[in-house]
Structure formats: structure tokens, C-alpha cells
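**Q** What would the 3D arrangement of this be:
(2 chains)
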There are 2 protein chains.
Amino acid sequence: MQKLNSILEAVKPLDRSKQAAIQHKLDFLTKPQGSLGRLEELALQYALIKGTLEPTLKDKLAVVMAADHGVAAEGVSAFPQAVTQQMVFNFLQGGAGINVLARHSGVEVAVVDIGVAAELEAHPKLLARKVANGTKNMAQEPAMSREQAIQAIEVGIGIVEEEQAAGLDILATGEMGIANTTPSSAITAVLTGRSVEYVTGRGTGIDDQALEHKTTVIEKAIVINHPSPEDALDVLAKLGGLEIAGLAGVMLAGAAYNIPVVVDGFISGAAALVACKLKPELKDYLIAAHCSVEMGHKIILEHLGLKPLLDLKLRLGEGTGAVLGIGLVEAGVKILTQMSSFEVAGVSQAG
Amino acid sequence: MQKLNSILEAVKPLDRSKQAAIQHKLDFLTKPQGSLGRLEELALQYALIKGTLEPTLKDKLAVVMAADHGVAAEGVSAFPQAVTQQMVFNFLQGGAGINVLARHSGVEVAVVDIGVAAELEAHPKLLARKVANGTKNMAQEPAMSREQAIQAIEVGIGIVEEEQAAGLDILATGEMGIANTTPSSAITAVLTGRSVEYVTGRGTGIDDQALEHKTTVIEKAIVINHPSPEDALDVLAKLGGLEIAGLAGVMLAGAAYNIPVVVDGFISGAAALVACKLKPELKDYLIAAHCSVEMGHKIILEHLGLKPLLDLKLRLGEGTGAVLGIGLVEAGVKILTQMSSFEVAGVSQAG
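**A** Now for the predicted structure:
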């Protein structure tokens, strides 16, 4: 808890003292003012977080947290639980969607076992940080103890602390965990006050009947555990999961170290909900990469006031949308730092 | 006209004989089916155009056509006409938005003087292909003769023919021409049948009064020249401009050589309207990069049935949106060619 408390304290309101200077620089680049739209907004946000008109963006990391969910026993996913560990192996081999898209965007991938329900063989690329062999079944009991939730958040914090010491400019969040849209929907319902039905979707692709069942399971979990909407740690612990907790830690630590965090889809969004409830100032350090097909994700983005960059109908998770988002942030930063001004280029301005 | 006719004949309906095989490959990559959304659609389209399950994407080119517009004399733009040539110089120096974003996406830039109203100094990076010193003022007479329009289209065709001989996998379109949203709105109104008022916007940033004036100028140009909506060359010649004609040629030649063309914003969209009117089969070779702030662009995309990839509130032109779009196409192609299948990775499928 001490590590979490220190980080919460270290997240400061975004320093806007250089905003006018950054905006002035953007406005006098050789283009009509504001004509690069959201790329200019990204450049401004990035430069504010870094506190400079000449920010660099070199070291890019996607933290992909993997964990299992006791609630998978309720049959809420189209895939068997073993897929979590199989996909971790796929990540380590470099053959998954996140690997391909991270390479495309020049982003390193950190694969973290924070709670896979199997003993994973040691691998030089695997960060073994298991808090538990998956969560408990939230439809029968709390998914985690409060201590486990804090421990998992602190795993995320610890990874960012290690990585930032070696140089880290931007973070992307990603995850793998069969059944993890289920706790994400549960968290979203409780923290945004929307109905479970409204924020629950088809995840990896379940049919109508399975969707109804999934909704019932989530409603039951909320009734049984009665998480307190005002206590984000209570919500997180009772509904899960370990990777969601870990990603909340990644986001908070990112903000504490002035590292912008590009948030992936629905599951990462649920982590952002929890983390922003713990520290509302976090929001200004987050960038929403895309709007997932899952309705719950749209609700989260609206609730947090985040505008997604991409709408590509993605619903894979893993951080795939987030690493594509990093490519756009980088484009914005390059606009700010590499474009010529009207003065330098000898171009006339609007009359 | 012979070059144009040959190219029109060479654009074939997209060969879909490998569609089932490509889709099967996408469906058995390690992800829920369809979960990479539009990236998978891009991969399919690209692979169909290339006619292979293992397409490569290496040589990327943005063709940026610059030209002036006689109608600028009517005061329809916020910027003076001299900015066209100043920006060409900026492109050659590498300091413009398109240069920065093209470098970001690994795209080469071909800068073409197809009709700048000034003698430009020779420069190793400038393709000097001037058809005229800008168009005539369409509010008083036809912007071009029909012969000039064809000549400008054939300039675009010629550039693609030269470049593809050296190796070319994908094209992006871009342009620079003070006042060129004016002919673009005029073309859009005539070819889509919408009112001038509906498809006319603020371009680089004019105020309410100037917008009303711009609308009146376009209405006058259409009344004076009475272009025939069924004759795309007539519309193009009478309303302009040279860069729009050149880009229509680039698109047609791209399709003829099985090179996908990523279409930038409103002005490129107007060129796509003209080119698709000349050869409707072209549409399947086009990829709409983004939805510009200009309402007319939205109308064009709907009319052509193209779904934009990005919505970043861009309104700069130059090809800036298109080169970002290339980045997403490349991501899709890498998904198809670099991801592991369930079988290879040993991952279980949905039950």
C-alpha cells in the first residue's frame, strides 16, 4: 500500500504553464491554424506532460498483462481458459497481433504474468510477477482480497519504475485474459452507474443466449459482493481482475513519471476507470487509442471525457489499438518538432 | 487522349478469385475472427488488388500535385495565391506537414508542378510538368479547355507509369493550390447533385461573409459554364483544376497497374469523383484515408461508398491524411503476412 500511496501522491495536476508557448509554436507552423486537428491536440498534450516545446519520443513500451479469471468457470467466454497461457506463449514467440503491430509502430512489448492460472516456464522475455493463479469466481465470492488488488496495482507500478529508469517516453496498455470482458463490464456498471445489460457485450464473440447468461452472471456477482461505487479498490478487488489492477498501476505510475499512457480498448478502459477514481488528475495523462466494438468501452470513454483517436472496429485487446495510437501521437509530436514555421520557410500567412 | 483511353481500358474489375483463400487465412490467425476490424478489411482489399496471399508493401509514394486557380482572383481563400509556390518550395525543403508525416510513414514524396502560376526554378526533387500557369477564372469562363484537362490527367498517368517501372506498391494522393476547395465544391455539387451551399465549406479558414461569397462564386461558375453532370471531363475542364485532373490520372493509372491508391481529403476526393465517373471500376482500388472537416468531403465519400479510416479533424490537404492512412494499410498487410495461425502457435480455437 505504501508504494501505491506514494504514486498517488506523485501524480500532479498537469502543468499548463507552457501551454500558450506550445500553442503559439503550433499556430505558426506552415499550415492554416488548427488544420492538423487532433494531431495538434496530441502534440500539445504530449508537450505539456513533458514540459517542453521540443519533446522527444523514442522509447516506447507496451505493457501487456496476462491473467485468468475464476468467473470463466461460468461459461462467459467463447474460448477455453487455456488460451490465456497459450497466447502468452504466442506473445513470447512474437506471433500475436500485438507483436506485429508493436513492431510496426517501433514499440517494445513487455509480457507480464500477473495471474495466469498455470505455472509458466521461465522465459527471458517473460516478466514473472504472478500475484495469484487467477482470480476467484466473482459470481460466488470476491475475485480478490483488497491486499491482492493493491499488490497487483503495485506490480504495474514496479514495472514502470524499472523501465523508466532505463528511459521511457510513452506507454501503451494491453492485456490477455480469457473472460476478462466480464469483470470489465462489472466494473463499468458499478463505477459509471449504468445498467449491466447496457455495458455488457459479446467479448470475443458469444451468441445471444451466452450474452444473456453473461449479463446474469455479472448481475449476480454485483449483488453477492455489493462493491461500494465510492471505493475503487473495493470494486476492483471484488470484481477483478489481476491484469486490470496491474494496468491501473501502470497508468498511475506513468502519470507520476510524466509518461503519457495510451489506453487500449475495453479492458484497459476498465483499468482507467478504476485508476481515475483513485486519482482524477490522472485523466490528463491518458490518451484513448480507439473506440472498441464493446458498448461498455464507449460508456467508459464518455464517463472519463476521453476522445478516442481511432474507430477501426477493433475488439482484440492485447494493446493492439494502443500501439497504433502511439503511431499517431508520434506523428503529432513530429509535427510540433519537425515542421517549418511561416517565418523560416518564407511562406505568407492568412490575410 | 490515347494515353487516357488506354488506361481507362486497363482498369479491370477487381479480381476476387482469391477472396475465399485470403479470408480463410485471416480467419485462422491467432485472434477471434474479425476482431481486428478494419485492419482485416484493408488486408483483404490490398491482397485482392495484388492477387496474392503474401503481398509485400515496401515502395510507398505520395504524389503531391501543385497548381493555381484563376478563381482565386474572386477572393475565395484566406491565403494569397503566392502561397502555392511558397509551399512548393517548402515541400522541396522538407519542412511541410506532408514531408514530416511522409517520413513518419516511410513514404517518398513526389512534388509536381502541374500548373503553378509562376516560373519555378528547377530543383532535383521537382517534377516540372506544367500544363498551364494556373487555370482561368471559372466564374468568368471555363477553367480549362477539354484538351488541357486530358493533358493534366495524362501527366498523372505518366508519373505513375515512370514510378511503377522502378517498383511501386502503394500510392497516396496530395495537393497544394490556393483556392482549390472552390473547384472541389463545384465539382462535388455537379457530380453528386447536392446544392452548392451544402458542399461548400471554409477551406483554410474563411469567415461567414467570405463563405457566402465563395458559395455565390461557385453558383455563378456553374450557371455560366453549365457543365454536363454526365460528362466528367466536361465538369473537370470547366470547373478545374489542374492538380485535380492530375490526381484523377494518378488514381486511374494506379488501378490499371494494381497499385492501391490512398485518397487524401476533399480535393483528392473531388479527383476521385471525376475518376470514378470516368471508370466506376476504379472504386475498388481506392482507400479513403480520412474524413476531412469539409462537409463536401463527407458527401463525396458517401457518394462513392468509401469508408474513411481516420477522423482526426484534418483539413490541411497535401496528402497528410493519406500518408497516415498508408500506415494503417501497412499494419493490415503485416497482420495478414506476419501473424501466427492457431495451428502454428498451438492456440485453441473458440468452442
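**Q** Any regions of the stretch 251-351 of chain A where pLDDT drops low?
**A** Judged by pLDDT under 70, the stretch 251-351 of chain A has its weakly predicted residues at A:351.
**Q** near chain B, which residues of it?
**A** A:293, A:309-316, A:320, A:324, A:327-328, A:330-331, A:334-335, A:338-340, A:344-351 (C-beta under 8 Å from any C-beta of the partner chain). Heads up, the C-betas are built off the backbone N, CA and C, glycines and all.
**Q** quick one: which helix or strand includes residue A:222?
**A** helix A:208-225 (DSSP states H and E).
**Q** Packing partners of that helix?
**A** Contacts defined by 3 or more C-beta pairs under 8 Å, 6 or more residues apart in numbering or on different chains; DSSP states H and E place helix A:208-225 against helix A:181-192, helix A:196-199, helix A:232-239.
**Q** Can you name the residues that contact the nearest residue to residue A:96 once chain neighbours are set aside?
**A** Once flanking residues are discounted, residue A:96 sits nearest to residue A:90: 4.5 Å by C-beta to C-beta, 6 or more residues apart in numbering or on different chains. Residues near residue A:90 by C-beta atoms under 8 Å, 6 or more residues apart in numbering or on different chains: A:96, B:30, B:340, B:345, B:347.
**Q** ok, back up a step: turn the helices and strands packed on helix A:208-225 into CSV, columns for distance to chain B.
**A** Shown next, in CSV, are those (distance: least, C-beta to the nearest C-beta, whole Å):
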stretch, distance to chain B
helix A:181-192, 11
helix A:196-199, 19
helix A:232-239, 23
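**Q** most tightly surrounded among these?
**A** The highest mean neighbour count among these, using mean count of other C-beta atoms under 10 Å in any protein chain shown, belongs to helix A:181-192: a mean of 28.
**Q** how far out from the middle of the chain is stretch A:328-345?
**A** 27 Å (C-alpha atoms, centre = their mean, to the nearest Å).
**Q** Give me the buried positions along it.
**A** Neighbour-count burial for stretch A:328-345 flags A:328-340, A:342, A:345 (criterion: 16 or more other C-beta atoms under 10 Å in any protein chain shown).
**Q** Where do the helices of the stretch 1-150 of chain A begin and end?
**A** Secondary structure of the stretch 1-150 of chain A (DSSP state H, counting those that start in this stretch): helices located at A:2-10, A:19-27, A:37-50, A:82-93, A:97-104, A:146-165.
**Q** Please enumerate residues in contact with the longest one?
**A** Which is helix A:146-165. Against helix A:146-165 from outside (C-beta under 8 Å, 6+ apart): A:1, A:3-4, A:7, A:61, A:63, A:65, A:110, A:112, A:114-115, A:127, A:129, A:131-132, A:144, A:168, A:171, A:233-234, A:236-237, A:242-243, A:245-254, A:257, A:259.
**Q** rerun that using 6 Å as the cut-off
**A** A:1, A:3-4, A:7, A:61, A:63, A:114, A:129, A:131, A:233, A:236-237, A:242, A:245-246, A:248-250, A:253-254, A:257 (C-beta atoms under 6 Å, 6 or more residues apart in numbering or on different chains).
**Q** What of stretch A:14-28?
**A** Against stretch A:14-28 from outside (C-beta under 6 Å, 6+ apart): A:33, A:40, A:44, A:47-48, A:53, A:284, A:341-342.
**Q** which one of those residues sits closest to residue B:226?
**A** Ranked by distance to residue B:226 (C-beta to C-beta), the contacts of stretch A:14-28 are led by residue A:33 at 37.4 Å.
**Q** That closest one: neighbour count?
**A** 16 (other C-beta atoms under 10 Å in any protein chain shown).
**Q** One more: residue A:123?
**A** Neighbours of residue A:123 using other C-beta under 10 Å come to 15.
**Q** That one and residue B:322, how far apart?
**A** 41 Å (C-beta to C-beta, to the nearest Å).
**Q** Please apply the same query to residue A:224.
**A** Taking C-beta to C-beta, one finds residue A:224 at 53 Å from residue B:322.
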